[in-house]
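S.K.: coords please:
(2 chains)
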Number of protein chains: 2
Amino acid sequence: MTKEAHLSREQIEAMDKCYRVAFINSLPGYKSLNLIGTQDESGQTNLCIVSTVTHFGSAPPLLGFVSRPATVDRHTLSNIIDTDSYTINHVGAAYYRAAHQTSARYPREESEFQATGLTPVWRNGLTAPFVREAPVQIHLTPVEQIDIKSNGTVLIIGEVTDVYLADELIEADGNIDLGKAETVCGSGLDGYYAPEKLARLSYAKVGKELTDI
Amino acid sequence: MTKEAHLSREQIEAMDKCYRVAFINSLPGYKSLNLIGTQDESGQTNLCIVSTVTHFGSAPPLLGFVSRPATVDRHTLSNIIDTDSYTINHVGAAYYRAAHQTSARYPREESEFQATGLTPVWRNGLTAPFVREAPVQIHLTPVEQIDIKSNGTVLIIGEVTDVYLADELIEADGNIDLGKAETVCGSGLDGYYAPEKLARLSYAKVGKELTDI
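M.R.: Here you go, the predicted model:
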């Protein structure tokens, strides 16, 4: 029998800052990992890794992410607002180290693309650069910017305008095979994981047995 | 060379509804999977699986999740508002099928705990039930309810008040070992995955080589 820990609010607040940040960042469970690509009005590109991209709706297709002034590059947020254009690119197993390196605090005049060796690619006349190495590349325009009163972070919600991915990753029912894509996920502040598929399960109904699909 | 697909906004809107929902739900990459436990003022319990729990901040400790009227049980949202109490419980590899089954539309008088065999447990005088089987169990009180104008979904942000987990899951620096916890993650609407650790990487600095930690 393992010993169970109970961390109360008072104990959480008394934690050393770095310890608390690592602990609280672990609480959601595994996180999506994506690179957000933008450029400013002079064409200077920017790339930063985020672990908060979340599905908000399918019609219209909406994704959100949290911009935390202290940790996500402010350049990203100002570029999105200035150009109405950004990309979300899955982090792949082949270059998760380069993706992690984009979280270093590069000065505005140094592009994270150049610093990390990831390749910017422009498509279809869209402003923001995509990451060529990414198995799934998404372009969005921002539609809502929501200030979170509790701590001053900002939730950016965008509409998906274009998606680029290998044809073979899309299954017959529209699902994207993330295992085949070699997309990775994260934990805490710095953990990188390659998921192994357990199952896809049938639509759940009251009184009906689940089946594998 | 695999063939690349470009899905434009027009093509996305022209997709069959089920196909589009599966496709757009796959876009964020892997998602956290958690069970939200609540009860109403008469003590009737409710449990539902969500894939949108997101870290919003560590001081104060804040987690958010998206309540979509069409897919997440409305009972959860009204119970949170009525009782100021809810729990977030990691979905574990041992019971991901029971967790998936909570997404069926049970009537209010039938608890998803009873229907799926998961075990409610009350702790420390808190109103909302935890899931005994979950490796990480978190209690929160709601602090912000944000209406998303673009599609009528609701973002609930809560403050973490208590965390319960096995002592051995907490690493020396505060990080929770999700692999040891056997927490799972999801993809799309119905994919379940067990992540394999690739690495933990050092804090990224400009001009400094990353190391494994």
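S.K.: For the nearest residue to A:Ile24 once chain neighbours are set aside, grab the count of nearby residues.
M.R.: Nearest non-adjacent residue to A:Ile24, counting by Cβ to Cβ, 6 or more residues apart in numbering or on different chains: B:Ser58, 4.0 Å away. (Glycine included, C-beta is placed from N, CA and C.) Using other Cβ atoms under 10 Å in any protein chain shown, B:Ser58 is surrounded by 24 other residues.
S.K.: So B:Ser58 versus A:Leu27, what's the distance?
M.R.: B:Ser58 sits 9 Å away from A:Leu27, taking Cβ to Cβ, to the nearest Å as the criterion.
S.K.: Who are the contact partners of the most centrally placed residue in chain A?
M.R.: For chain A, the residue nearest the mean C-alpha position is A:Asn34 (3.3 Å; Cα atoms, centre = their mean). Listed by Cβ atoms under 8 Å, 6 or more residues apart in numbering or on different chains, the contact set of A:Asn34 reads A:49-51, A:53, A:65, A:88-91, B:28-29.
S.K.: Would you format the residues you listed as a markdown table with pLDDT and secondary structure included?
M.R.: Shown next, in a markdown table, are these (pLDDT from 0 to 100; DSSP: H, G, I helix; E, B strand; the rest coil):
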| residue | pLDDT | secondary structure |
| --- | --- | --- |
| A:Ile49 | 96 | strand |
| A:Val50 | 97 | strand |
| A:Ser51 | 97 | coil |
| A:Val53 | 98 | coil |
| A:Phe65 | 97 | strand |
| A:Ile88 | 98 | strand |
| A:Asn89 | 98 | strand |
| A:His90 | 98 | strand |
| A:Val91 | 98 | coil |
| B:Pro28 | 98 | coil |
| B:Gly29 | 98 | coil |
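S.K.: in a helix, that's where A:Ile81 is, yeah?
M.R.: Yes. Assessed by DSSP: H, G, I helix; E, B strand; the rest coil, A:Ile81 belongs to a helix.
S.K.: list the contacts for it?
M.R.: Per Cβ under 8 Å, 6+ apart, neighbours of A:Ile81: A:142, A:145.
S.K.: Leaving out chain neighbours, which residue sits closest to A:Val206?
M.R.: B:Ala104 (4.8 Å).
S.K.: Just give me the neighbour total for A:Thr102.
M.R.: The local packing of A:Thr102 (other Cβ under 10 Å) involves 25 other residues.
S.K.: Skip the chain neighbours and tell me the closest residue to A:Arg68.
M.R.: A:Thr153 (4.9 Å).
S.K.: helices and strands of chain A: which one has the lowest mean pLDDT?
M.R.: Every helix and strand of chain A was ranked by mean pLDDT, DSSP states H and E. The lowest is helix A:74-83, at a mean of 91.
S.K.: got the CA coordinates for it in CSV?
M.R.: Only the C-alpha atoms of helix A:74-83 are listed here, as CSV (Å, rounded to 0.1, in the frame of the first residue of the first chain):
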residue,chain,number,x,y,z
ARG,A,74,4.8,38.4,-25.6
HIS,A,75,5.9,38.8,-29.3
THR,A,76,3.5,36.0,-30.2
LEU,A,77,0.5,37.8,-28.8
SER,A,78,1.3,41.2,-30.3
ASN,A,79,2.1,39.6,-33.7
ILE,A,80,-1.3,37.8,-33.7
ILE,A,81,-3.1,41.0,-32.9
ASP,A,82,-1.2,43.1,-35.4
THR,A,83,-1.4,40.6,-38.4
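S.K.: next one: phi and psi at A:Arg9?
M.R.: For A:Arg9, the backbone dihedrals are phi -60, psi -40 (criterion: degrees, to the nearest 10).
S.K.: Let me know the distance separating it from chain B.
M.R.: For A:Arg9, the distance to chain B (Cβ to the nearest Cβ, to the nearest Å) stands at 5 Å.
S.K.: Was I right to think that residue contacts B:Asp162?
M.R.: Yes. When contacts are counted by Cβ atoms under 8 Å, A:Arg9 is listed as touching B:Asp162 (6.8 Å).
S.K.: show me where chain A has strands.
M.R.: Along chain A, the segments classed as strands by DSSP state E run A:4-8, A:31-32, A:34-39, A:45-50, A:54-58, A:61-67, A:86-90, A:120-121, A:130-131, A:136-147, A:154-166, A:185-187, A:191-200.
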